[in-house]
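> using only what follows, build the 3D model:
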Amino acid sequence: MSAGDLRRLLRDKRIVVLCGAGGVGKTTTAAALGVAAARAGRRVLVLTIDPARRLAETMGLQESGPEPTSIPSERLFADGPWGTGLLDVWMLDPRAIFERMVHQLAPTPEAARAIVDHRLYRFLSELVAGVQEYAAAEALDAFLTDGRYELILLDTPPSRHALDFLDAPGRLARFLDERIVSLFGPEKRARGGRLWHGAQAVVDRVLAGIFGAGFTQEMRGFIGAFGGLFSGMRLHTERLHQRLASPDAAFLLVTSPEPASLREATWFRETLAARGLPFAGYVLNRSWAHDDVLAAPEALLEHTGGDRHAEQAVAALSRLASVEQARAQAHRDVLDRLTRHLPSGTLAVAAPDAGAELEEFSGLVRLGDALAAG
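Sure thing, here's the model as predicted:
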């Protein structure tokens, strides 16, 4: 596909979600694309789950900071005149996002504080399945709503559970379903009927027998207060699904040339199709497919002057070059297979293995330029 496809993606979309197996360089790709988009003039946020220490240090990312970290313009535009783009990076902090959600959805500041200060809040925020994924969905929705950024790149967890953040809000809202919460609420329903009151009485006896009456009343009060937030959570869920299925969003699948990674990429593509989410294409990372021509070491023979040791060295280089050329061709074949059945408007680009270049921010700049150049 043409290089312009990826440049248009970074220019026109509001949301780009990157999925892929672990170890394929997905977080690095998200960061490099963010750098390229910001250098092209957009206000960009990269949301990452858990960046590698080296990448975090390269970007100056503070672990679990309360707000996104801004990349200084002198680093972003170190090789030329400063542009108008902006790049922020944030490592998702589920606890901070969850607490922010409570403050947004609670009817009053006092109600929010009562929930957050409750000693059971910490256990809920850590133990309820889906809280971490919900945090990713909530953060994405919040940043899209406030309009601070023109483009948000979301780096998803490195597994087949990467798309769980789409379902987590619904699972959490179902946990707080009004019918369940009413069993634990501080007051019995006046209109619940004898059967419902009987169920509440059973819950009371079981919990009191296990935890004691005092703790049971404390838990009832907390869950009753927290349950009042579930309707707002459902609205957020519906809104996020609409946004991610809209033309403003795109899902990029990052893979390596390894067979296991390619199988994961195929699975992700099928899953996106089943969910009706916009598949934008593939990034074949850590590949040699971008090297169309490798110089032949045999050209050095004319400079050996008949020296036997020099000729042996050239022969060794030739054997090494043949291995590298075969690998490059194999990776180009993989890229061709990925491209062969792509729908119109989707892309497949190759990215080199950045390796040690990521010790410096300039390495991310070069990687972003290489991706944008196709």
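> where does the stretch 51-200 of the chain dip in pLDDT?
62-65, 94, 119-120, 122-134, 158-162, 164-200 (pLDDT under 70).
> and the helices in it, which stretches?
53-59, 73-76, 94-105, 109-116, 119-127, 131-146, 164-175, 178-184, 193-211 (DSSP state H, counting those that start in this stretch).
> list the buried residues of stretch 13-28.
13-21, 24-28 (16 or more other Cβ atoms under 10 Å). The C-beta positions use only the backbone N, C-alpha and C, and glycine is treated the same way.
> how about stretch 255-262?
Quick answer for stretch 255-262 (16+ other Cβ under 10 Å): 255-257, 261-262.
> now those residues in TSV, with pLDDT?
Listed next are the buried residues of stretch 255-262 as TSV, based on pLDDT from 0 to 100:
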residue	pLDDT
255	92
256	90
257	91
261	89
262	90
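> hang on, the earlier thing: now go through the buried residues of stretch 13-28 and say which are in helices.
Applying DSSP state H to those, the entries found in helices are 26-28.
> among the residues you listed, which one sits closest to residue 274?
residue 26 (21.1 Å; Cβ to Cβ).
> how far away is the closest one from residue 121?
Computed as Cβ to Cβ, to the nearest Å, the residue 26 to residue 121 distance reads 32 Å.
> packing partners for the lengthiest helix in the chain?
Secondary structure of the chain per DSSP H: the longest helix is helix 308-340. Packed against helix 308-340 by the contact rule (3 or more Cβ pairs under 8 Å, 6 or more residues apart in numbering; DSSP states H and E) you find strand 279-284, strand 347-350.
> now it: buried residues?
Buried, per 16+ other Cβ under 10 Å, within helix 308-340: 314, 321, 327-328, 331-332, 334-335, 338-339.
> turn the helices and strands packed on helix 308-340 into JSON lines, columns for distance to residue 61, mean pLDDT and mean neighbour count.
Formatted as JSON lines, the helices and strands packed on helix 308-340 follow (distance: least, Cβ to Cβ, whole Å; pLDDT from 0 to 100; neighbours: other Cβ atoms under 10 Å):
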{"stretch": "strand 279-284", "distance to residue 61": "21", "mean pLDDT": "93", "mean neighbour count": "24"}
{"stretch": "strand 347-350", "distance to residue 61": "25", "mean pLDDT": "90", "mean neighbour count": "24"}
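> would a markdown table of those with distance to residue 70 be doable?
Formatted as a markdown table, the helices and strands packed on helix 308-340 follow (distance: least, Cβ to Cβ, whole Å):
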| stretch | distance to residue 70 |
| --- | --- |
| strand 279-284 | 25 |
| strand 347-350 | 28 |
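> looking at these, which is nearest to residue 90?
Per Cβ to Cβ, nearest to residue 90 of the helices and strands packed on helix 308-340: strand 279-284, 21.6 Å.
> direction included, what does the closest one pair against?
The strands beside strand 279-284 in its sheet (DSSP bridges) come out as strand 249-255 (parallel), strand 347-350 (parallel).
> which residues sit against that strand?
Residues outside strand 279-284 that contact it (Cβ atoms under 8 Å, 6 or more residues apart in numbering): 1, 5-6, 9, 16, 18, 29, 250-257, 265, 269, 272-273, 331, 334-335, 338, 342-343, 346-351, 371.
> between helix 308-340 and that strand, find me the angle.
Counting by axes from the mean of the first three to the mean of the last three Cα atoms, to 10 degrees, strand 279-284 lies at 170 degrees to helix 308-340.
> pLDDT weak spots in the stretch 201-350 of the chain?
In the stretch 201-350 of the chain (pLDDT under 70), the answer is 201-236, 290-303, 305, 314.
> shouldn't residue 240 be in contact with residue 139?
No. Using Cβ atoms under 8 Å, residue 240 is not in contact with residue 139, being 10.5 Å away.
> could you give the number of residues near residue 36?
Neighbours of residue 36 under the rule other Cβ atoms under 10 Å: 25.
> actually residue 252, not the one I wrote
Using other Cβ under 10 Å, residue 252 has 26 neighbouring residues.
> again, but for residue 264
24.
> secondary structure element for it?
Counting by DSSP states H and E, the element that carries residue 264 is helix 259-275.
> buried residues in that helix, which are they?
Those would be 261-262, 264-265, 268-269, 271-272, for helix 259-275 by 16+ other Cβ under 10 Å.
> picking up where we left off before, adding distance to residue 365, write the strands paired with strand 279-284 out as TSV.
Formatted as TSV, the strands paired with strand 279-284 follow (distance: least, Cβ to Cβ, whole Å):
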stretch	distance to residue 365
strand 249-255	19
strand 347-350	17
